[in-house]
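Chemist: predicted model and sequence below, questions to follow.
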Amino acid sequence: MDKNTNKVMLRKNYIFAIALCLFVLLFDFYTKYVVRNDARFVKGIPLIPDLVNLIYVKNEGAAFSMLSGYRVALIAISSIAIIVGIYAIARLYRDNQIVIIAVSMVIAGGIGNLIDRIVFGFVTDMISLSFFPPVFNVADIAVTLGCVILIIYIAIFDSLKKKS
């Protein structure tokens, strides 16, 4: 691959990463805005009865409300994770579409929750599953999916690299 082709591919990968981040962020911001500004979500709205409810929850901690009351630490941890993710896309995995997708989702979810934490002092959660106790949001889904994709990628492709 010549140098110009490589630059075009890298530019497309960066544009794709930014577009994916923006999509996730906008969807996350929209859902959080709606939940914070509609009183019906305080009591909860059944989306799928006995399975999925939408309810407004202020989460001052991380996953499962861990580290509640440690806002500054959570902001610092999130910021570092976002910076590491951006570095990974920009320098380490810039030509790997699967890693770009996964890391972009983690970055977008991290930014969405980070902005909530900075602006409101808590993260707005709203999705409640009857079989899964914690309430979560779109950003949490993006982070989780990104991590799952990374784990699967590492498990499959790293093991294939080691075998060859």
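Modeler: Thanks, I have the structure now.

Chemist: now do the contacts for residue 74.
Modeler: Each residue near residue 74 by C-beta atoms under 8 Å, 6 or more residues apart in numbering is listed here: 61, 62, 67, 117. Using the backbone N, CA and C atoms, a C-beta is placed for each residue, glycine as well.

Chemist: ditto for residue 99
Modeler: Residues counted as contacts of residue 99 (C-beta under 8 Å, 6+ apart) are 88, 89, 93, 150, 153.

Chemist: hmm, try it at 10 Å
Modeler: When contacts are counted by C-beta atoms under 10 Å, 6 or more residues apart in numbering, residue 99 touches 13, 88, 89, 92, 93, 146, 149, 150, 153, 154, 157.

Chemist: pretty sure the second one is touching residue 146, no?
Modeler: No. In this structure, residue 88 is not within contact of residue 146 by C-beta atoms under 10 Å, at 11.4 Å.

Chemist: name the residue in these two with the higher neighbour count.
Modeler: Between residue 88 and residue 146, counted using other C-beta atoms under 10 Å, the more crowded position is residue 146 (24 against 19).

Chemist: in the chain, which spans are strands?
Modeler: Defined through DSSP state E, the strands belonging to the chain, from first to last, are 45-48, 52-59, 123-129, 132-136.

Chemist: roughly how far apart are the residue nearest the centre of the chain and residue 142?
Modeler: For the chain, the residue sitting closest to the mean C-alpha position, by C-alpha atoms, centre = their mean, is residue 109 at 2.3 Å. Distance, residue 109 to residue 142, by C-beta to C-beta, to the nearest Å: 4 Å.

Chemist: and what of residue 28?
Modeler: Between residue 28 and residue 142 the distance, using C-beta to C-beta, works out to 7 Å.

Chemist: between those two, who's got more neighbours?
Modeler: Just comparing residue 28 and residue 142: by other C-beta under 10 Å the higher neighbour count belongs to residue 142, 27 against 24.

Chemist: ok, now which ones touch the spatially closest residue to residue 112 that is not a sequence neighbour?
Modeler: In space, not counting the residues next to it along the chain, residue 112 is nearest to residue 139; the distance is 3.5 Å by C-beta to C-beta, 6 or more residues apart in numbering. Contacts for residue 139 (C-beta under 10 Å, 6+ apart) come out as 24-25, 27-29, 31-32, 105-106, 108-116, 123-125.

Chemist: recalculate using a threshold of 6 Å.
Modeler: Taking C-beta atoms under 6 Å, 6 or more residues apart in numbering as the contact definition, residue 139 lies against 28, 109, 112, 113.

Chemist: and of these, the nearest to residue 8?
Modeler: The shortest distance between residue 8 and any of the contacts of residue 139, using C-beta to C-beta, involves residue 109 and amounts to 28.6 Å.
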